[in-house]
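Predicted model follows, preceded by the sequence.
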Amino acid sequence: MSDEKRDERWLDQTANQTKLFYTLGIFCALLFAADFVVHRHAHFQAEGMYGFYPVFGFAAYALIVGAGWIWRRIVLRREDYYDV
Amino acid sequence: MYEFPPGTILVVGALLLALAKGRIRGFLSLLLPVLSFLHLLQFEVGTAVSISVFSYELTPVRIDRLALVWGYIFHLAAFLSALYALHVRDALQHVSGAVYAGTAIGAVFAGDLITLFVYWELTAISSVFLVWASRTEASYRSGIRYLLIQVGSGVILLSGVLLHLRDTGSIAFDHLGIGSMATLLILLAFGIKCAFPFLHNWLQDAYPQATPTGTVFLSAFTTKLAVYALARGFAGTEMLVYIGAVMTIFPVFFAVIENDLRRVLAYSLNNQLGFMVIGVGVGSELALNGTASHAFAHILYKALLFMAMGAVIMRVGSSKASDLGALYKSMPYTTFFCIIGAAAISAFPLFSGFVTKSLTMSAVAENHYTAVWFVMLFASAGVLHHSGIKIPYYGFFGHDRGLRCKEAPFNMLVAMGITAFACVAIGVYPEVLYAILPYSVKYQPYTTEHVLTQLQLLFFALLSFGILARKHLEPPEIPSTILDTDWIYRRVLPSVLRPMGKAAISVRDSLVTACKSIVAHLLITVRQHHGQNGLFSRTWMTSSSALLVLIFLGLYFVFYT
């Protein structure tokens, strides 16, 4: 217990994790805003829309994790599945 | 004088590694890739060395710009893997590592299909010892499956080559295309080694079973050799665009739920191969440059990630997410290098993935494969998930389970440091890599637009992770087995074949019983007539024999005169 206490790092504190998260949020907001400033040459129509990359990145990640929840119901087995 | 195939120094030198001990062996294992590289530099582009064997013209050495990209990176990978494995005392691993690297290099410079086949099989046989070197029951069984599939790929290759020889009279290893049964077989052989969908599972099965240092060797050569072979023989084969697209996508969904982080990296490797296969399928100069540069950069960052995981296994004894967490407190340098590898594979600007993957993406867009382009973009978010976040997060951050251990050994840290440096150097100075690509490059990765869109994609995916993690919606890390296509040959086929085998055995048993009883009857009859007191075993007197002869002579005399 005392070892754990001594080894407490900056990242272990929930408040700092929240700080990190909000910093990420602010950076993302800036990146989103930059879309209206930087002129882009899109290959495809959809790609040229404002906010395409932010929305795509966010949604793709959420979709992958969501699909993981479904996929694990189908293919996840006990660790010793092949041993017995 | 120097015109023996590149890689030979490694293969022959492996014999010395087997005899040497201690520091001398360590020194030799580092010296061999360097000597082999210097030997490669002696050749001029365009060199071809041919010999005649049984009226066939073999070309064991063919040096051109396509092969050289693989030749350079294979040497670098061989050196870095040897450095990473410097502390290992097991001679078997040093020897098989050197032979494996040497034969893979030899294969890349093979100018004909027979030479390619020989090297193809040698890489399979030499590499399996890196799996078996774990010396566990699981690694032994996994190694057998690996060997069967790899050697099988070689046998299919040989059948294709022989048919191709009959069709065309040529064994030259140039563009083949999919015009005949012969070339389709060759494509299938390449596809097995390249882990095409449904042919892929040997990779996720065997690589995580190898020793921590062995996996670093394995991750570099086999599959990238297959990518090279595809680029050489099947560039512009449209089918590969779609096969590659499937390869980028499906491993993402396995990686998201896999608990063993080395297996997650194996799925990630599979997904990266997809990007390269798409480039081969598109086949334009830009696309092939994309494939070659991606293979180069990928070997480095994938090796770096496997190195970081290998260090964790060495220190903690496990690479399972459910066993790990907060290792950044004990292994800060390894954590740092792992994050660089993760940033490189996720294609953050200033890292190697950014300047290589975008070549292929641009080629796909230029050739109007719209759907495939969107699939690649989706898969890029997948890469960020499993390699960019999952590996460092679950390995080095995440739950603190109280694990405290030593930092990785010095040689491992140096190997990781050099590899990490290369990942950043390529990202910052892409011109150096672009200069050795097969075709001249007129591509500028660092435009405001490209940097911005890539940052948007990655940081919003990171934001998505942040929100899901805070809401505890990430799939939890639990000890588990994930079913993949190996389920078919590890569960379904045995459960079908076992009853059939039992039936066959019982049929055989009853046949044997029936035969035995026939033989027994025969023996009884024989004994009756030939045994004691049997008709044919009685001893007759000489006089009666003489009498019989006389009777026969008399009969002969009566009837034939």
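Perfect, thanks for sending it.

tell me, which helix in chain B spans the most residues?
Taking DSSP state H as the criterion, chain B has its longest helix at helix B:493-530.

where do the helices sit along chain A?
A:2-6, A:14-34, A:52-75.

most tightly surrounded among those helices?
Among the helices of chain A, helix A:52-75 has the highest mean neighbour count (mean count of other C-beta atoms under 10 Å in any protein chain shown), at a mean of 18. (Glycine included, C-beta is placed from N, CA and C.)

So what's the model's average confidence on stretch B:491-511?
Mean per-residue pLDDT for stretch B:491-511: 93.

Ignore what I typed, I meant stretch B:142-162.
Rounded mean pLDDT across stretch B:142-162 is 96.

Which pLDDT value does the model give the residue positioned nearest the centre of chain A?
Centroid-nearest residue in chain A, with C-alpha atoms, centre = their mean: residue A:61, separated by 6.2 Å. Confidence at residue A:61, expressed as pLDDT, is 96.

weakest of the helices of chain A by average pLDDT?
Ranked by mean pLDDT, these bottom out at helix A:2-6, with a mean of 51.

Next secondary structure element downstream of the longest helix of chain B?
Later in the chain than helix B:493-530, the nearest helix or strand by DSSP states H and E is helix B:542-560.

Any chance you could list what contacts that next one?
Residues from elsewhere that reach helix B:542-560 (C-beta atoms under 8 Å, 6 or more residues apart in numbering or on different chains): none.

Let me see the ranges of the strands in chain B.
Assigned by DSSP state E, the strands in chain B fall at B:48-53, B:56-62, B:481-482.

Most tightly packed of those strands?
Comparing the strands of chain B by mean neighbour count (mean count of other C-beta under 10 Å), strand B:481-482 comes out on top with a mean of 20.

Please report the distance of residue B:392 from residue B:260.
According to C-beta to C-beta, to the nearest Å, residue B:392 and residue B:260 sit 16 Å apart.

Just give the nearest non-adjacent residue to the residue of the stretch 201-350 of chain B found nearest chain A, would you?
For the stretch 201-350 of chain B and chain A, the shortest gap (C-beta to the nearest C-beta) falls at residue B:256, measuring 3.6 Å. Leaving out its chain neighbours, the residue that sits closest to residue B:256 by C-beta to C-beta, 6 or more residues apart in numbering or on different chains is residue A:68, at 3.6 Å.

which residues sit in contact with the one you found?
By C-beta under 8 Å, 6+ apart, the neighbours of residue A:68 are B:253, B:256, B:257, B:475.

before we move on, what about residue B:120?
Residues in contact with residue B:120, defined by C-beta under 8 Å, 6+ apart, are B:107, B:153, B:154, B:157, B:189, B:193, B:225.

quick one, what contacts the closest residue to the first one other than its chain neighbours?
By that I understand residue B:107. When the adjacent residues along the chain are set aside, residue B:107 lies closest to residue B:119, with 3.5 Å between them (C-beta to C-beta, 6+ apart). With contact set as C-beta under 8 Å, 6+ apart, residue B:119 has these partners: B:103, B:104, B:106, B:107, B:110.

so the second one makes contact with residue B:121?
No: using C-beta atoms under 8 Å, residue B:104 is not in contact with residue B:121, being 12.0 Å away.

ok, the two, which is more surrounded?
Set residue B:104 next to residue B:121 and count neighbours by other C-beta atoms under 10 Å in any protein chain shown: residue B:104 wins out with 29 against 19.

That one and residue B:390, how far apart?
Applying C-beta to C-beta to residue B:104 and residue B:390 gives a distance of 29 Å.

Walk me through the domains of chain B.
Following automatic domain parsing, one finds the domains of chain B at B:235-481, B:485-531.

what's the most buried one of those?
Stretch with highest mean neighbour count among the domains of chain B: domain B:235-481 (a mean of 22; mean count of other C-beta under 10 Å).

how distant is that domain from the center of its chain?
Taking C-alpha atoms, centre = their mean, to the nearest Å, the mean C-alpha location of domain B:235-481 is offset from the chain mean by 18 Å.

cool, stretch B:3-22 as well?
The gap between where stretch B:3-22 is centred and where its chain is centred comes out at 22 Å by C-alpha atoms, centre = their mean.

One more: stretch A:31-42?
Put simply, stretch A:31-42 sits 21 Å off its chain's centre (C-alpha atoms, centre = their mean).

Quickly check: that stretch near chain B or not.
Yes: judged by C-beta under 8 Å from any C-beta of the partner chain, stretch A:31-42 comes into contact with chain B through A:31, A:32, A:34, A:35, A:38, A:39, A:40, A:41.

In space, what's closest to the last one - neighbours in sequence excluded?
Taking C-beta to C-beta, 6+ apart, and ignoring the residues beside it in sequence, residue A:41 has residue B:449 as its nearest neighbour in space, at 6.7 Å.

likewise the third one?
Excluding its sequence neighbours, the residue lying closest to residue A:34 (C-beta to C-beta, 6+ apart) is residue B:452, at 5.6 Å.

hang on, isn't the one you found packed against residue A:37?
No: with contacts counted by C-beta under 8 Å, residue B:452 stays clear of residue A:37, the gap being 9.2 Å.

Grab the two from the residues of stretch A:31-42 next to chain B that are most spread out in space.
Using C-beta to C-beta, these span at most 19.3 Å, a distance reached by A:32 and A:41.

Apart from its chain neighbours, what residue comes closest to residue B:446?
Once flanking residues are discounted, residue B:446 sits nearest to residue B:349: 7.3 Å by C-beta to C-beta, 6+ apart.

Who are the contact partners of the one you found?
By C-beta under 8 Å, 6+ apart, the contact list for residue B:349 reads B:427, B:446, B:451, B:454, B:455.

Nearest to residue B:22, out of the strands of chain B?
Distance to residue B:22, taken as C-beta to C-beta, is lowest for strand B:56-62 among those, at 34.7 Å.

Show me what that closest one is packed up against.
When contacts are defined as 3 or more C-beta pairs under 8 Å, 6 or more residues apart in numbering or on different chains; DSSP states H and E, strand B:56-62 packs onto strand B:48-53, helix B:113-132.

For the ones you listed, which has the smallest mean pLDDT value?
Set side by side, those give their lowest mean pLDDT on strand B:48-53, at a mean of 89.

For that one, give me every contacting residue.
B:3, B:5, B:57, B:58, B:59, B:60, B:61, B:62, B:63, B:111.

Now for those residues: which two are most distant?
Spanning the widest gap among the contacts of strand B:48-53 are B:57 and B:63, at 17.1 Å by C-beta to C-beta.

Could you report the separation of residue B:240 from residue B:291?
From residue B:240 to residue B:291 the distance is 10 Å (C-beta to C-beta).

Give me the common contacts of these two.
Residues within reach of residue B:240 and of residue B:291 at once, by C-beta under 8 Å, 6+ apart, are B:277, B:280.

residue contacts, the residue nearest to residue B:224 when sequence neighbours are not counted?
Excluding the flanking residues, the one nearest residue B:224 by C-beta to C-beta, 6+ apart is residue B:295, at 5.1 Å. Contacts for residue B:295 (C-beta under 8 Å, 6+ apart) come out as B:69, B:70, B:73, B:224, B:227, B:228, B:276.
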